[in-house]
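Trainee: fold the following and give me the result.
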Amino acid sequence: MNMKGKFQFRLHVAGHAPNPVQAPANLHALCRKRVAGCHQIEVVALLPDPRGRRKAACS
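Mentor: Numbers count the residues shown, from 1 in each chain. Reported below is the predicted structural model:
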């Protein structure tokens, strides 16, 4: 398939439950199937990792 330009996706996820963890993989699979080579995906974490926050507070 010859496409002009690129599809750009910004996926916002929150937390580490199964759905937010699976969402990027689902989007990557869909893009590989439908717009292979013509896409860019940015995953934005809306909530900071609480484990990382604790580590930063302790150091």
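Trainee: local confidence estimate at the residue nearest in space to the middle of the chain?
Mentor: With distances taken as CA atoms, centre = their mean, the residue of the chain nearest its centroid is Val43 (2.9 Å). At Val43, the pLDDT value in this model is 92.
Trainee: check for me that it belongs to a strand.
Mentor: Yes: per DSSP: H, G, I helix; E, B strand; the rest coil, Val43 lies within a strand segment.
Trainee: same for whatever helix or strand Arg32 lives in, what does it pack against?
Mentor: In the assignment (DSSP states H and E), Arg32 maps to helix 18-34. Judged by 3 or more CB pairs under 8 Å, 6 or more residues apart in numbering; DSSP states H and E, helix 18-34 is in contact with strand 7-13, strand 39-45. (Each C-beta comes from the backbone N, C-alpha and C, glycine too.)
Trainee: got those as CSV, with distance to Gln22 columns?
Mentor: Putting these into CSV (distance: least, CB to CB, whole Å) gives the following:
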stretch, distance to Gln22
strand 7-13, 10
strand 39-45, 12
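Trainee: low-confidence ranges in the chain?
Mentor: 1-5, 48-59 (pLDDT under 70).
Trainee: what is the burial count for Gln40?
Mentor: Residues near Gln40, counting by other CB atoms under 10 Å, number 10.
Trainee: in the sheet, who's paired with it?
Mentor: Gln40 forms beta bridges with Gln8, as assigned by DSSP bridges.
Trainee: I'd say it and Leu11 touch.
Mentor: No: using CB atoms under 8 Å, Gln40 is not in contact with Leu11; the gap is 11.3 Å.
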